[in-house]
Every structure is written in structure tokens, then in C-alpha cells.
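Asks: Provided below are the primary sequence and the corresponding predicted coordinates.
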Amino acid sequence: MGREFLDIFTDWADTYDDSVAGDDPQYAAVFANYDDILTEVVRHASGTVVEFGVGTGNLAAKLLEKGSEVVGVEPSNEMRSIAAAKLPELTVQEGDFLDYPSLPADVETIVSTYAFHHLTDEEKDLAIKQFSGLLPTEGKIIFGDTIFQSVAHKQKAIDDARKKGFTDLAEDLEREYYTTIPVIQTIFNTHKFDVTFKQMNDFVWLIKAERMK
């Protein structure tokens, strides 16, 4: 359920905002256009919004600024504490993509950035199946996450990272469950979503899915 990576976020919580600002050269390309990615997710969100993987609250802050009603779900105690300090008006519940408290009955949009890859492909499928049951017709899932056009593209990214001496990035790409566009498309289509993809940087794609009848 992605919780196998919680120790990483325990260690990363205090410096996460520095990383997304591009201060870590190994991850600068991963977080390139970070603000634009969050803005694009917010632009497509409507109605009551549930955010999975709130982290330090950067996406939630933009949603609240837009005037959205937001409920956050985050498994990391350290990340929840930082988000709560930054956004005392935000409701953040303990949970993850598969195991979470009761959500608002009127949820219209589910969002997440830089988190869905913590699930295996089988878990991704189960999560989208559950979300399909939560959302109304034309309800939306808007994710910004690292995915690849193919397994070959993923391997090239790993090889390029190693050539640059970016050992942490290479190990991250090998350790976590980064998948491909065809796999994600099949998952969403199977659970009655129309899905489109928009590349936001060399790693991250905007995934926009709408619940069909």
C-alpha cells in the first residue's frame, strides 16, 4: 500500500520543500516545473476534492486558495504535522490510497502529486477500482506523477541517472513502482474512466481521468 516507503518520508519531511524547489541536483529534473504541475492539477479540480498523499501541503494550499473544499489523506505522521502547521484550516486524515477513513459523500475530484508510484501496478488497479465507486459520473481523478512511455524509456532514465552520478535517483527509480502509460491507461479504462496524459517535465505526466457512465 506504499507504506513500505514511510521511513523515507520520515527522513525527508523536514527538507522536502527544499527538494521540490530544486535544491537537490539529483532530483532537479524530477521537480522541474513543480509549481506549474500543481497549478495544472488545481485547474482541473472541481467540487469537493480529496487529496491523497498531502505531504507538506503544497497542493492543498493551492486548492484552498482556489476556494475548494479539501480533505487530505496522508500516511506519514511527519508530513501530516508539517501540513497541519502550514495549513491549520486543512483537514488531514491518516490513511493511504487503499486504506482511508470515510470520505465526503459529495466528492467530485480525487487528486495526488508525486505519490501514486508508491503502489504496485496491482495496487494501483485496486485503488482506481475503489475510486470508481466513490466518484459520480463525470467525477475526475487528476494525478501528477512520474510515469514512463515504455519500459525502455524507464531503463534509459535509470541509465542516464547512473551516468550522471545520480545514484540516489537511479536507486529510487529501480526501487519504487514507477509504471508506464499503457499500464495506467489500461487500469483507468478497465474501471470506466476516459484518461488523457500530458507531459509536464522529463519525468512527470499529468494524468486526467473522467468517470464515464
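Replies: Structure's in. What do you need? Numbering: from 1, shown residues only.

Asks: C-alpha from now on. contacts and neighbour counts both.
Replies: Noted.

Asks: residue boundaries of the helices in this structure?
Replies: In the chain, helices defined by DSSP state H lie at 6-12, 16-20, 34-44, 58-66, 77-86, 121-134, 151-163, 167-175, 181-190, listed in chain order.

Asks: for residue 208, which of those helices is the nearest?
Replies: Ranking the helices of the chain by proximity to residue 208 (CA to CA) places helix 34-44 first, at 8.2 Å.

Asks: buried set for that closest one?
Replies: 34, 37-38, 40-42 (16 or more other CA atoms under 10 Å).

Asks: can you name the residues in contact with stretch 29-39?
Replies: With contact meaning CA atoms under 8 Å, 6 or more residues apart in numbering, stretch 29-39 is reached by 19-22, 58-59, 62, 113, 144, 146, 200-204, 206.

Asks: coming back round to it: can you list the helices of the chain in TSV and add mean pLDDT?
Replies: As requested, the helices of the chain are arranged in TSV below (pLDDT from 0 to 100):
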stretch	mean pLDDT
helix 6-12	73
helix 16-20	87
helix 34-44	97
helix 58-66	97
helix 77-86	93
helix 121-134	97
helix 151-163	98
helix 167-175	96
helix 181-190	98
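
Asks: and residue 50, which of the ones you listed is closest to it?
Replies: Each of those was scored for nearness to residue 50 using CA to CA, and the closest is helix 58-66 (9.4 Å).
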